[in-house]
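Trainee: When you get a sec, could you give me coordinates for this:
(2 chains)
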Amino acid sequence: MKFLNEYRDAEVAAAYGRALERLTTRPWTIMEVCGGQTHAIVKFGVDALLPREVTLVHGPGCPVCVTPVELLDKAMEIACRPEVILCSFGDMLRVPGTARDLFSVKATGADVRVVYSPLEAVELARSNPAREVVFFAVGFETTAPANAMAVIQAHRLGLRNFSLLVAHVLVPPAMEAILSSASNRVQGFLAPGHVCTVMGFSEYERIAQQYRVPIVVTGFEPVDILQGLHMCIKQLEEGRTTVENQYSRSVRREGNTRAQALIRDVFRVCHRRWRGLGEIPQSGLALQEKYSSFDAEERFGRAGPAKAESSECQSGLILQGALRPEGCSAFGTRCIPEHPLGAPMVSSEGACAAYYRYRLSAAGNPGPTGIS
Amino acid sequence: MPGVEEFIPSCPLPMDQYPTIVLAHGGGGTLMHQLISRIFRPVFGNPFLDAGHDGAVFALTGERLAFTTDSYVVHPLFFPGGDIGTLAVNGTVNDLAMCGARPLYLSAGFILEEGLPMDTLWRIVKSMGRAAEEAHVQVVTGDTKVVDKGKGDGVFITTTGVGVITHDLAIAPSSVRPGDLVLLNGDIGRHGIAVMSVREGLAFESAIESDCAPLADLVASLLGAGIEIHCLRDLTRGGLASALVEIARDGRVAVTIEEHVIPVCEAVQGACEIFGLDPLYVANEGRFVAFVPPEAAESALAIMRAHPLGASACVIGRVVGEPPGLVTRKSRIGITRIVQMLSGEQLPRIC
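Mentor: Below is the predicted model of the structure:
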């Protein structure tokens, strides 16, 4: 398939692996910001081609993971109202709130529907005038223009039964929060290619300058990611800290200005809590005053206060390479693949699950046969 | 700007213990296996069930029989390349074929929803008739129930099948041996994408048709040629990946496959890219894997390729001994990754 196969070429990927080997002289920790990039790294095994000195830290660019618990709980509360059709992107359904997920709420009879575009939700509202249609608007700057379009469309159609539960988040403030953190180890970024397709990359130039980090706008295929890493490490090795664009087949410096105008028309910047990170100032989007009648929180009440989540899981430290799985007090006792306390023990690709499996094998035990 | 106090990236854990049935329990993944191992097996457990195969195989007065059942719920009832009727016949025929049996007789139980147009039922039953004829089986007994409007989805069909086994092979996960090659009869993912495209009203440039087809004739050709088949499994819900994980687990072997040789047509690949789906987990209704010893692979492939349902058959991987239960795939960039079962059906990704 054109524009895919050439970016998944084993020989080109291996050549980049060798080039990175030659280039890297010191340990470097680089964050790929976007969940789509993380997915490709794990799926294709890009990490296995990197020199030992390079540590990848998976960033907060996964909208389903960073949506705060209180908004998930609010979505479930709204979905349980008999008049409501709650529309969501598919992968939101499995994300747990305080006690349940949208899958379980659907199982109790709530009308929860997976849509592929917010405009489908607008159409549902138009064709079901007696129902309240609520769209769970999650995502970064990438999904914001389409969600803005849905509000404008609903406004044009004069719909009074359509609203958005807005959980939008913005990338640059999250990067700044990470860079300002006392425990930060990130020395360079692969910036999210799709977000930058919409927003351009001028706002990253200030971050690169102020925090002295190289930022490379990067695509989503294995060769994109390897090339992005090569550009980023080259800057680190040479002591440069600028913004470079690996994903030039999609991204321009100024971005998609029409999409940006749509976002500005419909949304305003607000404070937002991120699951796993806490509140980050000016890091979210909320509806503009003039569109407040489309705000599901105006219609069905505000989400509750922030909820603290406590977990014994030290996955964050493990993902950053600061702790080895067997160094965790829960490893292999309270946390096993059948009863995981955190993500690295869930996925068989997860660091803890891999350690668990091989530690058992090494000890001469038969090892777990199921892959849970 | 103030930073977060401590930057600890972490992902919320998906739920794996539900107090009620959720849709994902029917998705052919780990949640479905949880139901089987925690609810059904403790009550019904016996050596036939514990074999973890597509059907039970037992001897009656000297003759070996295969016995299987399956229920069909699909929305919409009609999709490109088939309908619930063709599925209900072919699905059960294929489960019998995967036991190495020649399918003979089916039962058909219909649960009809009040208000179902008579014409719709007629179309479905006619498709079942055609599919049965094509697969050389007869529907010899049946049942009909009607539920209140709103308590069904038009039609649910359950078919049960009986077939006869006329060879001496033990075709089951427990017969799989290290060294065996894994053969696949064609490109994957058509059924899942075909149903999804009509269910969600998605229009692609070229219509993708379901691969729904009866596999018994192709399996009979392999058996007739004396191919020493160790195991067969049709790829349904959960796709190729889940089928391989089941066999590796139940056969206590490891399986390794090469992603770049697995055929996926461009239309299916394109749809998967748009929705963030992995074709390895997308449903099929006319595809299967055969585990055969390496010396039999070449003739098996030749027989498959000579059959209309196996024209693009290929070797996709092999069985290794250790560690039992593990399936790995060599990714397109040549790196080995673990293949695992999903909790339920794949969900389209937002990013």
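Trainee: Assign residue B:15 to one of the three secondary structure states.
Mentor: Secondary structure, DSSP: H, G, I helix; E, B strand; the rest coil: residue B:15 is coil.
Trainee: Wait, a strand at residue B:85?
Mentor: No. Using three-state DSSP, the assignment for residue B:85 is helix, not a strand.
Trainee: list the contacts for it?
Mentor: By Cβ atoms under 8 Å, 6 or more residues apart in numbering or on different chains, residue B:85 lies in contact with B:123, B:124, B:125, B:126, B:127, B:128, B:131, B:157. Quick note: C-beta positions are derived from backbone N, CA and C, even for glycine.
Trainee: and if you look at residue B:21?
Mentor: Going by Cβ under 8 Å, 6+ apart, the list of residues near residue B:21 reads residue A:107.
Trainee: how about stretch A:119-127: buried residues?
Mentor: Neighbour-count burial for stretch A:119-127 flags A:119, A:120, A:121, A:122, A:123, A:124, A:125, A:126 (criterion: 16 or more other Cβ atoms under 10 Å in any protein chain shown).
Trainee: Specify which member of these is nearest to chain B.
Mentor: Nearest to chain B among the buried residues of stretch A:119-127 is residue A:120, at 8.5 Å by Cβ to the nearest Cβ.
Trainee: returning to what we had before: what's the ChimeraX syntax to select whichever of the contacts of residue B:85 are buried?
Mentor: To isolate the buried ones among the contacts of residue B:85 in ChimeraX, judged by 16+ other Cβ under 10 Å, type:
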select /B:123,124,125,127,128,131,157
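Trainee: Residue A:177 belongs to a strand, doesn't it?
Mentor: No. Read with three-state DSSP, residue A:177 is helix and lies in no strand.
Trainee: my read: residue B:137 touches residue B:106, true?
Mentor: Yes. Counting by Cβ atoms under 8 Å, residue B:137 touches residue B:106, with 5.4 Å between them.
Trainee: Spell out which residues are contacts of both of these two.
Mentor: Contacts common to residue B:137 and residue B:106, judged by Cβ under 8 Å, 6+ apart, are B:89, B:93, B:161.
Trainee: Residues of the stretch 151-300 of chain A that sit close to chain B?
Mentor: Applying Cβ under 8 Å from any Cβ of the partner chain, we find that the stretch 151-300 of chain A lies next to chain B at A:173, A:176-184, A:194, A:222, A:275-278, A:280-281.
Trainee: among the residues you listed, which are in strands?
Mentor: Using DSSP state E, A:278, A:280, A:281 are the members of these that sit in strands.
Trainee: Now which of the residues you listed would you call buried?
Mentor: Buried, going by 16+ other Cβ under 10 Å: A:278, A:280, out of those.
Trainee: ok, now how distant is whatever residue of the stretch 201-350 of chain B ends up closest to chain A from residue B:121?
Mentor: Going by Cβ to the nearest Cβ, chain A is nearest to residue B:335 of the stretch 201-350 of chain B, at 2.8 Å. Going from residue B:335 to residue B:121 by Cβ to Cβ, to the nearest Å gives 51 Å.
Trainee: Quick check: residue A:237 is in a helix.
Mentor: Yes. Under three-state DSSP, residue A:237 sits within a helix.
Trainee: Now do residue 331: how many residues are near it, please.
Mentor: No chain was given, so I picked chain A. Residues lying near residue A:331 (other Cβ atoms under 10 Å in any protein chain shown) number 22.
Trainee: that's the wrong chain, I wanted chain B
Mentor: Neighbour tally, residue B:331, other Cβ under 10 Å: 22.
Trainee: Can you read off the pLDDT for it?
Mentor: Looking at residue B:331, its pLDDT is 93.
Trainee: wait, it sits on residue A:43?
Mentor: Yes. Proximity of residue B:331 to residue A:43 meets the contact threshold set by Cβ under 8 Å, at 6.9 Å.
Trainee: Residue B:335 and residue B:121 - which one has more neighbours?
Mentor: Neighbour count, other Cβ under 10 Å: between residue B:335 and residue B:121, residue B:335 has more, with 21 against 17.
Trainee: Strands along the stretch 151-300 of chain B, start to end?
Mentor: For the stretch 151-300 of chain B, the strands defined by DSSP state E, counting those that start in this stretch occupy B:155-165, B:181-184, B:231-234, B:254-258, B:288-292.
Trainee: Check chain A too.
Mentor: Under DSSP E, chain A gives strands at A:28-34, A:54-61, A:84-88, A:111-114, A:132-139, A:162-168, A:188-192, A:215-218, A:243-245, A:267-274, A:278-287.
Trainee: how much space between whichever residue of the stretch 51-200 of chain A sits closest to chain B and residue A:190?
Mentor: Closest residue of the stretch 51-200 of chain A to chain B, Cβ to the nearest Cβ: residue A:180 (2.5 Å). Counting by Cβ to Cβ, the gap from residue A:180 to residue A:190 is 19 Å.
Trainee: Looking at those two, which one has more neighbours?
Mentor: residue A:190 (29 against 16).
Trainee: Does that one touch residue A:218 like I think?
Mentor: Yes. The pair residue A:190 and residue A:218 qualifies as a contact (Cβ under 8 Å) at a distance of 4.1 Å.
Trainee: Is residue B:131 part of a helix or strand, or is it coil?
Mentor: Residue B:131 ends up helix, using three-state DSSP.
Trainee: give the contact list for it.
Mentor: B:85, B:86, B:89, B:90, B:93, B:214.
Trainee: what do you get if the cut-off is 10 Å, keeping everything else the same?
Mentor: Applying Cβ atoms under 10 Å, 6 or more residues apart in numbering or on different chains to residue B:131 gives the contacts B:82-83, B:85-91, B:93, B:106, B:137, B:139, B:212-214.
Trainee: cool, residue B:141 as well?
Mentor: B:105, B:106, B:107, B:108, B:109, B:160.
Trainee: and which of those is nearest to residue B:117?
Mentor: residue B:108 (19.2 Å; Cβ to Cβ).
Trainee: and that closest one, that's in a strand?
Mentor: Yes. Residue state for residue B:108 (three-state DSSP) corresponds to a strand.
Trainee: Run a quick neighbour tally on it.
Mentor: 21.
Trainee: How about the secondary structure of the closest residue to it other than its chain neighbours?
Mentor: In this structure, residue B:108 finds its nearest non-sequential neighbour in residue B:142, 4.5 Å apart by Cβ to Cβ, 6 or more residues apart in numbering or on different chains. What three-state DSSP gives for residue B:142 is strand.
Trainee: Contact partners for residue B:142?
Mentor: Going by Cβ under 10 Å, 6+ apart, residue B:142 touches B:106, B:107, B:108, B:109, B:110, B:157, B:158, B:159.
Trainee: what do you get for residue A:285?
Mentor: Contacts of residue A:285 (Cβ under 10 Å, 6+ apart): A:137, A:139-141, A:144, A:147-148, A:166-170, A:263-264, A:266-270, A:272.
Trainee: Filter these down to just the buried residues.
Mentor: When those are checked for burial by 16+ other Cβ under 10 Å, the buried set is A:137, A:139-141, A:144, A:147-148, A:166-170, A:263, A:266-267, A:269, A:272.
Trainee: Pick out the residue in the stretch 251-372 of chain A sitting closest to chain B.
Mentor: residue A:316 (3.1 Å).
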